[in-house]
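Undergrad: just coords:
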């Protein structure tokens, strides 16, 4: 049985269309993960519990997506030393710049590894998680190398009209 | 003895030069308050405790100042129904726009009464707190009316060269 | 008979699809309110009158929504010491950042409790109003606590595909 | 005696170092003016009175400078059909973008002729006022033409090291 | 015959859906005008000619709309002392902030009376033009007063659901 | 046979709808070019090779379009002294401001001739390339002059309703 | 002997006052590191070599700081699967927003773990690197836990005047 | 005698501290140039003349620097097919973003090769001009190659404390 080393958490169900990109990337790389809705504001005790048990449960990376006043990634980073990767979800009025600033601008002491706004950022969160795990998992490292090589090989020489 | 009804909290000592404006305004209006450093990231349990006991301790307004990924006001709003007034502290690289978005863009369910960036916002937080308390304190209402009248009366008719 | 303690005012009919969120929240919490169109620029005398009579009419909170050069919340704050909650309505070219800055950046003396841009901000304005009234209305406080508890309880553990 | 046709108003004494540029420009062009502090929030009744009497007092242009939630120009435009020129005063945290949006983004019905942020904008407000008056004052038109010709003539052919 | 005192110019045909709002406002107020496409970059000599003859042709206000690197209003202000009102046309990538900065941030010497971005700004340009002409046209002043009174009178007391 | 002097490169197939505007402009001006997908991140060695051989292959201008963290234009400028024209492709969350800053803000030593965001910028990249080649190609200079004259001549005098 | 597992690289000597914060944090946590100047534009081949040998040299984390069109972190992420942490260095005209967008907005395939702008971000980069290494280094994990506990314990209860 | 092929023009004397960087770069590369103050607004006829005679005078590149509503580069591009390189000069309130948008966002037909904001951009304008001239000047190409090689060779391996 593969122990779960990656937790994908998000502030609400509405973040899932973005965060599913992280899950799909981990699927593609053969990395087991769990998904949870953990709202910093609506379920703060769930956040507390998740953070406090992260090390003992064997989590090695937490991917946290949130939008607006996106407090989830930073608060999780406050509760555990497990590396937290933050994904700013795009928002309606401010396009995710609000999410970005809330996640990125953490004070000295509590880093959040911030990804690009939106779906590309979520996919990259999966890749970053895999890259961290690959440091001590040669098989995963090989799969990641292959994924990267395949991506590069997939690029055509010239653009084509649709 | 006057019971303390206003708590002024801030993320770090470095926020005090801004937040002292709120304290001075409450002093001017004869409103008792307490001041605390409550860091959302460095002392999350202190935040939890402060929020959970706010109602029973008799607090009626919490003024929370923070800068950068300013999670303190919003997390406090998550932990108590006592009205939270947020003050975005000005920051170096992003001038406090990061603080503003982190405080302002709260999701449905957890309002933070956001004030202007910086010292003017902190002073206004004191006034807003007084305005809320004045709803049930006629003497304070009279002092607030007087303060407002004095402010208006202090404006000269014409500008003068220095 | 329940006296009206909350006024929801807005700059124009076009703000109503946003501001109705505040009204619906107050309905859900059993708080009586009135709704008025008060345009700072088109009906300044109506604004004056509304502000000057707010205290005597027993209003305890004014929720004011406006877009663009959104002067209504700030001008209302100038005319009455009743706490004013401002809702920046999203705009076409500037996404409501114009509304936000016009409402938020009030000078020392006239606070406006600014909410998030758009519908979430309007709903939160209703909650903030209820939180203020609940300071002296134990039954409302209980309803507000229940509303918050229900919100937290409604969050599922895991996201699901549509 | 020259009747005063231009009013220079500003939200506070602190705007005068900016707005004096407008006054100096009018001095240079031989246009009489008055200066007043009219705070939209602190002296709203003064604003009302100024606006309501502007036509009958013979004002032909009102130059209004303000910073932050700069409501003065727009509220004045609401109270009189005399053309209002707005000058966004530079601010600390937001560099005057807050002033700009509050002045510029007026709704249909109440134009404010917005100038550049800061001192250059104030000087140009003086020029714009002169340009409007010059439409019916040939002598002023001639002085304005001369001022413009002198400005153009003052530009050297090549830059020089200090 | 009514002499044409207002020129509405724009950088391209694509600006017309915005600038027609200025024309319609002038129609409503009974102000005669002409419309021209004058591209600062594509027809600079047309711009030169238009500017140089503006005074002698009896123009009293020029309304200039443009988008992107919107040089038309400012260059026109360079060529004539006739007051120029600038309308920033909304753009695709930058929402008209590019248009706004290009029009607004004129150097000392060449004011452009900048209006709000987009259609509301164009309509207000018409009103501002009328306000300037009304300074010496009592009949127009009366029509403008009436238009403003009608606008104010048209605002309902309460919002209604659609 | 006409030697290829212009290379149009882009970060991915998805940039082609934008970059085809550059190609069409070069077609219109009779300038031969090649098109290549060269991804700074996915095919860095292709970028290296393209840059290192640019001079010897006779390229005189490289037009490079990219979006987001748009490293292609700047990295190409690092690898060759052939002038690089950069086109910021519009992006979803940040409208191409991310692309713009990544392309524009090059350090001393490695200029990228940055064009407007999006399709207009791509078309102008073609024109700029032609302008550079025309310095030593009188026939092309004549065609470019004609193209510019035709553009100016195509502008109607007055706008028309659709 | 402790093998070097962390590389701190930066675009130029001028980035060192910022990036030294990362080094100092690693010093405090007892993590060995190397420092290198690797300019994406001025020494692209050094970047290539550094990236290509990172895995074989045993690097487990690369901290890359850069300002402006900050291509170093993203290009390094293109050349190695070793996790790259990016630090946006504050800049003069754009305050580091240019650096931020260039580092953050990476396309799918090449994540960069972006930190806050400036010195706090650099310090946090050191902490994030330590957090990643601690996943397989219990002694470091204990030191990191202690560092975090010490930080929390250092926060006073109340703010004090200077 | 070396014919002058590069013109460095700027909107005012105050731009010279920035634009001198372009001159110094050309000096270092042995490229002759002229410097002129050409104000789009204050000396439009000088701009016209400069543009109309650029080809016949043998200019091959025009470097144009301006700040604020920076119309000079774009208007020059309208008047001549000689490639125009634009340098956005940093400004007080808007940090040069106003200059940038006014220069960059040119409509289809009139490209301006925009450089980074401020001094680095001015230096790079010199390099870009040299790169264009080097296409037909092998000696200059060699000097430019050497300059680039020297720059790369000057980068130390490791950062040092001051």
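TA: Arrived safely. The model shown is predicted, which means the values in this text are computed figures rather than measured ones.
Undergrad: Run through the residues that contact the nearest residue to residue A:83 once chain neighbours are set aside.
TA: The shortest distance from residue A:83 to any non-neighbouring residue, by Cβ to Cβ, 6 or more residues apart in numbering or on different chains, is to residue G:131 (4.7 Å). For the C-beta atoms, the positions are set from N, CA and C on the backbone; glycine is no exception. Residues in contact with residue G:131 (Cβ atoms under 8 Å, 6 or more residues apart in numbering or on different chains) are A:81, A:82, A:83, A:111, G:144.
Undergrad: one more time with 7 Å
TA: Applying Cβ atoms under 7 Å, 6 or more residues apart in numbering or on different chains to residue G:131 gives the contacts A:81, A:83, G:144.
Undergrad: Same question for residue A:151.
TA: Listed by Cβ under 7 Å, 6+ apart, the contact partners of residue A:151 are F:42, G:109.
Undergrad: so it sits in a strand?
TA: No - applying DSSP: H, G, I helix; E, B strand; the rest coil, one finds residue A:151 to be helix, outside a strand.
Undergrad: Tell me where chain A has strands.
TA: Counting by DSSP state E, chain A has these strands, from start to end: A:6-10, A:33-37, A:61-66, A:84-88, A:113-114.
Undergrad: for the last one, the distance to its chain's centre please.
TA: In other words, strand A:113-114. Put simply, strand A:113-114 sits 9 Å off its chain's centre (Cα atoms, centre = their mean, to the nearest Å).
Undergrad: Other residues contacting that strand?
TA: When contacts are defined by Cβ under 7 Å, 6+ apart, strand A:113-114 is touched by residues A:83-86, A:88, A:103-104, A:128, G:85, G:104, G:113-114, G:128.
Undergrad: and which of the residues you listed is nearest to chain E?
TA: Nearest to chain E among the contacts of strand A:113-114, counting by Cβ to the nearest Cβ, is residue G:104 at 18.8 Å.
Undergrad: where's the closest one relative to residue B:128, distance?
TA: 35 Å (Cβ to Cβ, to the nearest Å).
Undergrad: can you tell me how far residue A:112 sits from chain E?
TA: From residue A:112 across to chain E, the span is 29 Å (Cβ to the nearest Cβ, to the nearest Å).
Undergrad: ugh, typo on my part, it should be residue A:147
TA: Distance, residue A:147 to chain E, by Cβ to the nearest Cβ: 33 Å.
Undergrad: Okay, helices next: where are they in chain A?
TA: A:16-28, A:44-53, A:72-79, A:97-104, A:119-134, A:138-153 (DSSP state H).
Undergrad: And the pLDDT for the closest residue to chain F within chain A?
TA: In chain A, the residue that lies nearest chain F is residue A:159 (3.8 Å; Cβ to the nearest Cβ). At residue A:159, the model reports a pLDDT of 97.
Undergrad: pretty sure it contacts residue F:16?
TA: Yes - with contact defined as Cβ atoms under 7 Å, residue A:159 reaches residue F:16; the gap is 3.8 Å.
Undergrad: any common contacting residues for these two?
TA: Overlap of the contact sets of residue A:159 and residue F:16 (by Cβ under 7 Å, 6+ apart) consists of residue F:10.
Undergrad: remind me which residues of chain A are low pLDDT?
TA: Within chain A, the stretches with pLDDT under 70 are A:1-2.
Undergrad: Look through it and state the residue closest to chain E.
TA: Closest point on chain A to chain E, by Cβ to the nearest Cβ, is residue A:95, at 10.8 Å.
Undergrad: so what's the closest residue in space to that residue that isn't next to it in sequence up against?
TA: Distance criterion Cβ to Cβ, 6+ apart; nearest residue to residue A:95, sequence neighbours excluded, is residue F:93 at 4.9 Å. Contact analysis of residue F:93 by Cβ under 7 Å, 6+ apart lists A:90, A:95, A:96, A:117, A:118.
Undergrad: mind checking the backbone torsions on the fourth one?
TA: In other words, residue A:117. Note on residue A:117: backbone dihedrals following degrees, to the nearest 10 are phi -70, psi 130.
Undergrad: Spatially central, which residue of chain A would that be?
TA: In chain A, the residue lying closest to the centroid (Cα atoms, centre = their mean) is residue A:63, at 2.9 Å.
Undergrad: In chain A, what residue lies closest to chain C?
TA: Closest point on chain A to chain C, by Cβ to the nearest Cβ, is residue A:16, at 3.8 Å.
Undergrad: Report how many residues lie close to that residue.
TA: When counting by other Cβ atoms under 10 Å in any protein chain shown, one arrives at 21 neighbours for residue A:16.
Undergrad: distance of it from chain H?
TA: Distance from residue A:16 to chain H, by Cβ to the nearest Cβ: 36 Å.
Undergrad: okay but that residue is in contact with residue C:159, surely?
TA: Yes - contact criterion Cβ under 7 Å: residue A:16 and residue C:159 qualify, at 3.8 Å.
Undergrad: Excluding residues flanking it in the chain, which one is nearest residue A:87?
TA: residue A:65 (3.9 Å).
Undergrad: Could you verify my assumption that the one you found touches residue A:10?
TA: Yes - using Cβ under 7 Å, residue A:65 makes contact with residue A:10 at a distance of 4.4 Å.
Undergrad: more neighbours, these two?
TA: residue A:65 (31 against 28).
Undergrad: Run through the residues that contact the more buried one.
TA: Neighbouring residues of residue A:65 by Cβ under 7 Å, 6+ apart: A:10, A:15, A:18, A:19, A:87, A:89, A:122.
Undergrad: and the helices of chain A as a markdown table, adding distance to residue F:31?
TA: Formatted as a markdown table, the helices of chain A follow (distance: least, Cβ to Cβ, whole Å):
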| stretch | distance to residue F:31 |
| --- | --- |
| helix A:16-28 | 41 |
| helix A:44-53 | 59 |
| helix A:72-79 | 49 |
| helix A:97-104 | 40 |
| helix A:119-134 | 34 |
| helix A:138-153 | 31 |
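Undergrad: for chain F, what are the nearby residues on chain A?
TA: Counting by Cβ under 7 Å from any Cβ of the partner chain, chain A comes close to chain F at A:90, A:95, A:96, A:117, A:118, A:151, A:152, A:155, A:156, A:157, A:158, A:159.
Undergrad: Those residues of chain A touching chain D, which are they?
TA: Counting by Cβ under 7 Å from any Cβ, chain A comes close to chain D at no residue.
Undergrad: Tell me how many other residues crowd residue A:32.
TA: Counted by other Cβ under 10 Å, the residues lying close to residue A:32 total 12.
Undergrad: And for the one 10 residues further on?
TA: The number of residues packed near residue A:42 is 22, by other Cβ under 10 Å.
Undergrad: How about stretch A:19-30 and chain G, any contact?
TA: No - Stretch A:19-30 lies out of reach of chain G by Cβ under 7 Å from any Cβ, never closer than 8.2 Å.
Undergrad: Look up phi and psi at the residue of chain A closest to chain F.
TA: Per degrees, to the nearest 10, the backbone of residue A:159 is at phi -70, psi 150.
Undergrad: Okay, it and residue G:42: tell me how far apart.
TA: 30 Å.
Undergrad: Please apply the same query to residue A:138.
TA: Relative to residue G:42, and taking Cβ to Cβ, residue A:138 is found at 35 Å.
Undergrad: got it, and residue A:74?
TA: With distances taken as Cβ to Cβ, residue A:74 is found 35 Å from residue G:42.
Undergrad: same question, residue A:145
TA: Counting by Cβ to Cβ - residue A:145 and residue G:42 are separated by 29 Å.
Undergrad: Next: residue A:94.
TA: The value you get for residue A:94 to residue G:42, if Cβ to Cβ is used, is 36 Å.
Undergrad: Pull up the residues of chain A that are close to chain B.
TA: Applying Cβ under 7 Å from any Cβ, we find that chain A lies next to chain B at A:40-42, A:44, A:68-69, A:71, A:74-75, A:78-79, A:94, A:97-98, A:101-107, A:109-110.
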